[in-house]
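**Student:** What follows is a predicted structure for the sequence shown.
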Amino acid sequence: MFQTTKGLILREVRYKEADRILTILTESDGKITAKARGALRKSSRSAAATQQLTWSELTLFGNRGKWTVNEGSVLEGFAGLRGEIERLALGSYFAECLEAFAVEDQPDPALLQLGLNSLYALSEKLGERAKIKAAFELRLACLAGFQPELEACVICGKPEPEDPLLVLEDGGVCCRACRKAYAGAVPLMSGALAALRYVAAAPAKKLFSFALEGEDMKSFARAAELYLQAHAERSFPTLAYYKQF
């Protein structure tokens, strides 16, 4: 059975001499694994379209639950990622996160849109890397079912917590006075809390349309990263690689 779909290449692994094994986040089938035969040959019609961090239109052949890429064309190559090792490393981290949270054979339009929007913002330099990274991490956690309660202290119910902290495991903010109820909580600057609230609720196309800098930006970035890691329950080698830069 032949099928044409659009997909974001999350991972590519060389197989034998000229093939690639791909992990693709598709519009129609969610996360799938597919073989791209001969994709590493110079004459291949699918070479460019099967590179990691490429948004492509793909013709797939399915047989007994296994997929093969028959041909493909590039829709968006995110060229801005290829010229800077820092941006490429961060884009690879985004891809690893998407692969970790995507479900096999289950379409997830919101997750796919987050990945595409984040890679585009990173490629086109639509904001500081730290802001794009933190917004991606928190929104991904929200889409995965771990949206934190940010409007009031989860213990005393105070709408504007004094010296707020982000509770990692239970997902929410608390006052410093209520911190003793939680073993793990991350201090938040006031601007960081506002940014968390914005990212959790913003329309997809406006996700990065906020301003933050200085200590507020550092607080926001730390909280978002730790929150995602707490709910991923795994480490991300690409994040460690990115941090080298």
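**Tutor:** Looks like it arrived, so ask away.
**Student:** domain assignment for this protein?
**Tutor:** The chain breaks down by automatic domain parsing into domains covering 2-77, 80-243.
**Student:** can I get these in CSV with mean neighbour count and mean pLDDT?
**Tutor:** C-beta: built from backbone N, CA, C; applies to glycine. Below are these laid out as CSV (neighbours: other C-beta atoms under 10 Å; pLDDT from 0 to 100):
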stretch, mean neighbour count, mean pLDDT
domain 2-77, 18, 91
domain 80-243, 18, 94
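**Student:** gap between the residue nearest the centre of the chain and L119?
**Tutor:** Centroid-nearest residue in the chain: F94, 4.0 Å away (criterion: C-alpha atoms, centre = their mean). Using C-beta to C-beta, to the nearest Å, F94 is found at 6 Å from L119.
**Student:** again, but for E104
**Tutor:** E104 is 22 Å from L119, by C-beta to C-beta.
**Student:** Likewise for S190?
**Tutor:** Note on S190: its distance to L119, by C-beta to C-beta, is 30 Å.
**Student:** Let me know the secondary structure of the spatially closest residue to the residue nearest to the centre of the chain that is not a sequence neighbour.
**Tutor:** What sits nearest to F94 in space, not counting adjacent residues and going by C-beta to C-beta, 6 or more residues apart in numbering, is S118, at 5.5 Å. The three-state label given to S118 by DSSP: H, G, I helix; E, B strand; the rest coil is helix.
**Student:** again with A95
**Tutor:** helix.
**Student:** Can you tell me the element the residue lying closest to it once chain neighbours are set aside falls in?
**Tutor:** Nearest residue to A95, sequence neighbours excluded (C-beta to C-beta, 6+ apart): L10, at 4.4 Å. Per DSSP states H and E, L10 falls inside strand 2-15.
**Student:** just checking, what packs against whatever helix or strand comes next after that strand?
**Tutor:** The C-terminal neighbour of strand 2-15 among helices and strands, as given by DSSP H and E, is strand 19-26. Where contact means 3 or more C-beta pairs under 8 Å, 6 or more residues apart in numbering; DSSP states H and E, strand 19-26 is packed against strand 2-15, strand 30-36, helix 85-101, helix 109-123.
**Student:** Give me the distance from the strand holding L10 to the chain's centre.
**Tutor:** 17 Å (C-alpha atoms, centre = their mean, to the nearest Å).
**Student:** again, but for stretch 225-238
**Tutor:** Centroid displacement of stretch 225-238 relative to its chain, using C-alpha atoms, centre = their mean, is 11 Å.
**Student:** Alpha carbons of it, as CSV, please.
**Tutor:** This file holds the C-alpha atoms of stretch 225-238, laid out as CSV (Å, rounded to 0.1, in the frame of the first residue of the first chain):
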residue,chain,number,x,y,z
GLU,A,225,14.3,22.5,31.5
LEU,A,226,14.0,20.9,35.0
TYR,A,227,10.3,20.6,34.7
LEU,A,228,10.5,18.7,31.4
GLN,A,229,13.2,16.5,32.7
ALA,A,230,11.2,15.6,35.8
HIS,A,231,8.3,14.4,33.7
ALA,A,232,10.4,12.7,30.9
GLU,A,233,12.0,10.5,33.5
ARG,A,234,15.0,10.1,31.3
SER,A,235,18.1,12.0,30.2
PHE,A,236,18.7,13.5,26.8
PRO,A,237,22.3,13.0,25.4
THR,A,238,21.7,15.8,22.9
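**Student:** Much appreciated, bye for now.
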